[in-house]
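# what follows is a protein structure lacking sequence information:
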């Protein structure tokens, strides 16, 4: 009896779907993703991966999208790169050359983003990544690679947020502590130069990637007599630097980039930081959302993938909005497979997303969007948005 | 030379059979792309072949001369940098840069051997570890030459070698399998030469070999140089596979991977590193576990394999196929007992 | 500045010394290069963190880490390393597999994210010439106590004598009625616990992640070797020496050559004294 009922139900379903296809055509657009879902870069791979998954689900749950006379759903094909180049290359090869997918998200890690671009570029695939080396090595203003799209604010823009923060806290001499690696190298020179033009001297103090004890580097910052200790990368070690800077009274203020403000407010010292603090962000703050839109996104993502919490959750901003933005570009271009036309459309539209108005410049293909600036003064948290320049 | 040295392939020492066997295997593998595998498989297999070549260098050093270097990945990286730097500054092609990469590997391999004149055993192993780290730091720091942390690229462009296009995934695979086969044939030739016997004699009992007039120091450096040359060549092939290299790819962690590959397959077997490399790259495909569990799974498989077959997977196959016959492809691991003796601590 | 950096070096060096003694104990008895020590440090740190988070007590966390690491020591010896005692090289490779397993399990239990921890002692004393972070005093005290205990046990107890006898010659030790197997198991337990304790100290610096062990691995071995394998006092001296050398490099060497400086020093010392400063036992032949 039960089986008969099930069969009847299935038959009804089948006829229902038949009748809808008679009215409008259904289609599927496949997008690929290659991220570090395991291995040493997992903390920066999991948040953007979760955000892409959620964006795809939300678009499909809302009934998909229509281009021409066809309603499309998205299908996400994922490959894990195990934080290894060989795996990343094989994974993207699978997406691009075996599955014939035309849109790839990730990898976020810079080296693998450059290596996999070697596969997507000749195949005319649109690839999105937050990789900082894409910018600093000139891939994003290379006319021969028109379909690579960066998803972080231009380095020059974040520098502006930073200088605003330093000025507000009255810093004249800043000791910059950061890991000696490609992320630091690709962003600090422009910060040092631009700050100098504004009358702020920045002294870089870099520690090697495998350094165990950062106290000695903070001691050195103190001996520089700076009026601000500024910390940049990697975020995993910010609480060590923060605590040492306070214990050693290294400087009267503390600044930094992309510092999880929770570290400053509670995690590192168990209480709000006693000296004036600021952090700049390439996006609005995840932990202390400056507006309802960001807050709603944060709550949805944490419910969708709890593992995002506590790590580099900010990286979810660098993939989430770009899925619907890609869909908008497809609608505008009137095609789901002509990537050149869709790439052109990406340049022309402004998408109103979680991280504000997003648009691409003509010369540098990296997204302009809202930036963030957080201040902590006397225990008071002030989370601000640096509005995007997009119209 | 001495009667105590293991007599390599007892009978048929001059037989051409092992050479033909390696050649046949190489040609068969080179034809893989024409059998219609997915591009994904070809890409993974390309990485596996490159690591197999580099691993063969380490396997030769370790299995034949008994010396273990943890700076192997650093030398491998230097080969890659040699190719990238000569391409960037002098416009050298893939083929023209190859001898440079081999030479750089040869010289740096020999240099790594120098501390072995003073230190031995575990001290030497850890020392090579430190040497590898120093090389990685140098790659990071000489930015004008290496690009530092931001790395360096190389492009195959429209280059063609032996009628095979470097930019084509399948044809590049065929090319490097042919190169790898040539490397194995050369290593086989060395292993079966009189000098190869001398080397193994040194491995079993260095003082005895020295008392018989063998220049242990010099021969050890030669072995390191050969191993380094192979690593340098593999590094060059790796460069054209990933097309972008940075110092972090060649640290101690990478040396550990080479080590695992060599031991998984069997360090005294010519084909051991190749078997280990394919297992390393394809195991997660077979396991098909969730991402994090794949790594755990590999760790468990490695532990179980090593416990079950300390002399490598090939030793199991060898025991299954021909328990008492002489080993295939010119290896001499039949003297399994001896391999174990060499592993025992020296109770000096 | 000089005093400050010297003190910073002392604080981190005491952690290196603990790890190095753990390595030396295991190596001395089994001749196994146990490369998963970095992961033992990481596991000890996470255990402390987890227990402290659940119970709010640092003491309980500390005790739990010691117990859990002892269990890990027994398990790894019973089910893995026992089969490799005749071929130490195999033990070395097996420890490489253990690295993957430990790191993977840590990610499964605690995610790959970094966890922040507050040390039990917070704040610092300003001594004028330099500033002493309170927690580091506790850390150094723990290190000194644990190392002192190790030294006394090894040199002045019956058990220590047995341990040294097994280390010198297993066959002779067995003939004299020493339970060789059990002594070796105990070395694995002691080595793992030492790493676990070091993990607790690492934790108090501020943050831990499943990959935190990587940076401690090579340093642990460097210290064990420079100090001379098998020597507790050598490891203590070399550990503090490396810590101070690193801190001074961080304070005064301005280019990014800091890491090369440390490894260069290690190479130079081993070339000068091929079996370490304290003339350790000859390494096994690999």
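Sure thing, it's come through. As the structure is a prediction and not an experimental result, all values here were calculated from the model.

# just give the closest residue to whatever residue of the stretch 1-150 of chain A ends up closest to chain C, not the sequence neighbours.
Nearest residue of the stretch 1-150 of chain A to chain C: residue A:42, at 4.0 Å (Cβ to the nearest Cβ). Quick note: C-beta positions are derived from backbone N, CA and C, even for glycine. Leaving aside its sequence neighbours, residue A:42 sits nearest to residue C:112 (Cβ to Cβ, 6 or more residues apart in numbering or on different chains; 4.0 Å).

# strands of the stretch 101-250 of chain C, start to end?
For the stretch 101-250 of chain C, the strands defined by DSSP state E, counting those that start in this stretch cover C:115-116, C:124-126, C:131-133, C:207-208.

# so what strands line up beside the first one?
Strands that pair with strand C:115-116, judged by DSSP bridges, come out as strand C:207-208 (antiparallel).

# and the stretch 51-200 of chain B, which residues reach chain A?
Within the stretch 51-200 of chain B, the positions adjacent to chain A are B:51, B:137, B:140, B:148-151, B:153, B:167, B:169 by Cβ under 8 Å from any Cβ of the partner chain.

# now do the helices in the stretch 201-348 of chain B.
B:206-211, B:216-242, B:252-265, B:272-287, B:291-308, B:313-321, B:336-343 (DSSP state H, counting those that start in this stretch).

# compare these and give me the one nearest chain C.
In terms of Cβ to the nearest Cβ, the element of the helices of the stretch 201-348 of chain B nearest to chain C is helix B:291-308, at 3.1 Å.

# nearest the geometric middle of chain A, what residue?
residue A:318 (2.5 Å; Cα atoms, centre = their mean).

# please name the nearest non-neighbouring residue to that residue.
In space, and not counting its chain neighbours, residue A:318 is closest to residue A:130: 3.7 Å by Cβ to Cβ, 6+ apart.

# residue A:151 versus the one you found, what's the distance?
Per Cβ to Cβ, to the nearest Å, residue A:130 is found 5 Å from residue A:151.

# which neighbours do those two have in common?
By Cβ atoms under 8 Å, 6 or more residues apart in numbering or on different chains, residue A:130 and residue A:151 have these common neighbours: A:318-319.

# could you check the pLDDT of the residue nearest to the centre of chain A?
If you check residue A:318, the pLDDT there is 95.

# now do residue A:214, the pLDDT please.
Predicted confidence (pLDDT) for residue A:214: 90.

# name the SS class of residue A:34, please.
Judged by DSSP: H, G, I helix; E, B strand; the rest coil, the three-state class of residue A:34 is strand.

# ok, now which ones touch it?
Applying Cβ under 8 Å, 6+ apart to residue A:34 gives the contacts A:78-81, A:88, A:91-92, A:95, A:104-107, A:112, A:116.

# repeat that with 6 Å
With Cβ atoms under 6 Å, 6 or more residues apart in numbering or on different chains as the criterion, the residues that contact residue A:34 are A:79, A:81, A:88, A:91-92, A:106-107.

# most neighbours of all the residues you listed, which one?
residue A:107 (34 neighbours; other Cβ atoms under 10 Å in any protein chain shown).

# next one: phi and psi at it?
Note on residue A:107: backbone dihedrals following degrees, to the nearest 10 are phi -70, psi 160.

# residue contacts, it?
Applying Cβ under 6 Å, 6+ apart to residue A:107 gives the contacts A:34-35, A:81, A:88, A:113.

# from those residues, which is closest to residue B:76?
Checking the contacts of residue A:107 against residue B:76 by Cβ to Cβ gives residue A:88 as the nearest, at 18.6 Å.

# run through who's touching the helix or strand that closest one falls within.
Per DSSP states H and E, residue A:88 falls inside helix A:85-93. If you take Cβ under 6 Å, 6+ apart as the criterion, helix A:85-93 is touched by A:34, A:79, A:81, A:107, A:112, A:115-116, A:119, B:39-40, B:43-44, B:47, B:242.

# can you do 7 Å?
Contacts to helix A:85-93, defined as Cβ atoms under 7 Å, 6 or more residues apart in numbering or on different chains, come from residues A:34, A:79-81, A:104, A:107, A:111-112, A:115-116, A:119-120, B:39-40, B:43-44, B:47, B:242, B:249, B:281.

# same check on stretch A:184-201?
With Cβ under 7 Å, 6+ apart as the test, stretch A:184-201 has contacts from A:132-133, A:135-136, A:155-156, A:159, A:162-163, A:166, A:171-174, A:176, A:178, A:202, A:204, A:206, A:232-233, B:148-150.

# inside helices: which ones of those?
Among the contacts of stretch A:184-201, the members found in helices (DSSP state H) are A:132-133, A:135-136, A:155-156, A:159, A:162-163, A:166.

# what about the helices in the chain?
Looking at chain A here, since you left the chain open. A:2-23, A:42-61, A:85-93, A:110-120, A:132-136, A:155-168, A:182-197, A:215-223, A:238-247, A:261-262, A:292-304, A:317-320, A:322-333, A:339-348.

# wrong one, chain C
Per DSSP H, chain C carries helices over the ranges C:2-30, C:37-55, C:58-79, C:88-110, C:134-156, C:158-168, C:170-175, C:180-204, C:214-227, C:232-252, C:258-272.

# still on that earlier bit, need the helices of the stretch 201-348 of chain B in CSV with distance to chain C and mean pLDDT, can you?
Below are these laid out as CSV (distance: least, Cβ to the nearest Cβ, whole Å; pLDDT from 0 to 100):
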stretch, distance to chain C, mean pLDDT
helix B:206-211, 9, 86
helix B:216-242, 13, 95
helix B:252-265, 5, 89
helix B:272-287, 11, 91
helix B:291-308, 3, 87
helix B:313-321, 12, 87
helix B:336-343, 4, 36
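
# ok, which of the ones you listed comes nearest residue A:57?
In terms of Cβ to Cβ, the element of the helices of the stretch 201-348 of chain B nearest to residue A:57 is helix B:291-308, at 19.3 Å.

# report the buried residues of the closest one.
B:291-303, B:305-307 (16 or more other Cβ atoms under 10 Å in any protein chain shown).

# between these, which is nearest chain A?
Proximity of the buried residues of helix B:291-308 to chain A (Cβ to the nearest Cβ) peaks at residue B:291, which lies at 3.8 Å.

# residues contacting residue A:163?
Counted by Cβ under 7 Å, 6+ apart, residue A:163 has contacts A:194-195, A:198, A:200.

# okay, now the unreliable bits of the chain?
Let's take chain A. Residues of chain A that meet the criterion pLDDT under 70 lie in A:1-24, A:267-268, A:310-311.

# sorry, I should have been clearer: chain C.
By pLDDT under 70, the low-scoring segments of chain C are C:254-256, C:278-286.

# and with 80 instead?
Applying pLDDT under 80 to chain C flags residues C:1, C:28, C:87-89, C:116-117, C:205-207, C:229-230, C:253-262, C:274-286.

# show me what from it comes close to chain B.
By the rule Cβ under 7 Å from any Cβ of the partner chain, the part of chain C lying against chain B is C:31, C:33, C:80, C:83, C:87-90, C:93-94, C:96-98, C:100-101, C:104-105, C:107-108, C:218, C:221-222, C:225, C:256-257, C:259-260, C:263-264, C:266-267, C:270-271, C:274-275, C:282-286.

# which of those residues count as buried?
Neighbour counting with 16+ other Cβ under 10 Å marks C:31, C:33, C:80, C:83, C:87-90, C:93-94, C:96-98, C:100-101, C:104-105, C:107, C:218, C:221-222, C:225, C:256-257, C:259-260, C:263-264, C:266-267, C:270, C:274-275, C:282-286 as buried within those.
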